[in-house]
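*Asks:* Predicted structure and sequence below. I'll ask about it afterward.
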Amino acid sequence: GIRDIAALHRRMADNNRRIGEIFMSFDLLVTPALPDHAWPVKGPMPAVIAGVEVPSPDQHALFLMPFNYSGHPAAVVHMGFTEEGLPCAFQVIADRNREDL
């Protein structure tokens, strides 16, 4: 209902504020793109990452979602392959409206 929507908006505003605080000290933020290396496109997604059970599919994008929701420009950069031949990547994030970086 409306209270859930209001709570979501408050949570998103809090997320944006916290991310904004990071950019008071740094021009760019570099994070992993995924909490683990990629998994085969045909699946399945891993049920456990680093010994921790993954309760839902959206948990596989934990490092991507905050910036998708906040409107911060971000780019995922390929950095190589695992021993199994699966891609690994990191993401580079800038402050809002700083696509020039």
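*Replies:* Thanks, I have it.
*Asks:* which helices and strands does the helix or strand bottoming out on mean pLDDT in the chain pack with?
*Replies:* Here the helix or strand of the chain ranked lowest by mean pLDDT, DSSP states H and E is strand 48-49, holding a mean of 82. Counting contacts by 3 or more CB pairs under 8 Å, 6 or more residues apart in numbering; DSSP states H and E, strand 48-49 packs against no other helix or strand. Heads up, the C-betas are built off the backbone N, CA and C, glycines and all.
*Asks:* gap between that strand and the chain center?
*Replies:* 17 Å (CA atoms, centre = their mean, to the nearest Å).
*Asks:* same deal with stretch 90-99?
*Replies:* The mean C-alpha position of stretch 90-99 is separated from the chain mean by 12 Å, CA atoms, centre = their mean.
*Asks:* pLDDT on that stretch, on average?
*Replies:* For stretch 90-99, mean pLDDT rounds to 93.
*Asks:* which outside residues touch that stretch?
*Replies:* 20, 23, 27-33, 63-64, 67, 70-77, 79, 101 (CB atoms under 8 Å, 6 or more residues apart in numbering).
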